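> Pasted the sequence and its predicted model underneath.
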Amino acid sequence: MDFAAAYTGFVIGAYGLSALVLGGLVIYILAQDRALRAELDRRKGQP
């Protein structure tokens with residue numbers, strides 16, 4: 001990363017935004033996985 005450039009704030013902001021989006025995506029995927037596993041467990045218990 002070029003910290004000496006005049007647009008350092010933009011570069012850091014872009015990396016921060018990317019990390020935020022990826023973190024949100026991971027949280028969403030884990031939440032979906034948890035919900036689907038719970039639904040699967042409920043369906044396994046039904047006759």
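Nice, thanks for sending it over. Predicted, not measured: the structure shown is a model, and the values here were computed from it.

> which parts of whatever helix or strand Ala19 lives in are buried?
Following DSSP states H and E, one finds Ala19 within helix 8-45. Buried residues in helix 8-45, counted by 16 or more other CB atoms under 10 Å: none are found. In this view, the C-beta of every residue, glycine as well, is placed from N, C-alpha and C.

> Quick check: mean pLDDT of that helix?
On average, the pLDDT along helix 8-45 is 94.

> does Ala6 sit in a helix or strand, and which one?
For Ala6, there is no enclosing helix or strand under DSSP H and E.

> how close does it get to Gly13?
Using CB to CB, to the nearest Å, Ala6 is found at 14 Å from Gly13.

> quick one: Gly24 from Arg34, how far?
Counting by CB to CB - Gly24 and Arg34 are separated by 16 Å.

> same check, this time on Tyr28
Using CB to CB, one obtains 11 Å as the distance from Tyr28 to Arg34.

> Likewise for Gly9?
Distance from Gly9 to Arg34, by CB to CB: 37 Å.

> Kindly report the same for Leu20.
Distance from Leu20 to Arg34, by CB to CB: 21 Å.

> What of Leu17?
In terms of CB to CB, Leu17 sits 26 Å off from Arg34.

> Then Val26?
13 Å.

> same deal with Thr8?
Taken as CB to CB, the span from Thr8 to Arg34 is 39 Å.

> How far does the helix holding Ala19 sit from its chain's centre?
Computed by CA atoms, centre = their mean, to the nearest Å, the chain-centroid distance of helix 8-45 equals 3 Å.

> Over to stretch 40-47?
Here stretch 40-47 is found 29 Å from its chain centre; the criterion is CA atoms, centre = their mean.

> All set now, cheers.
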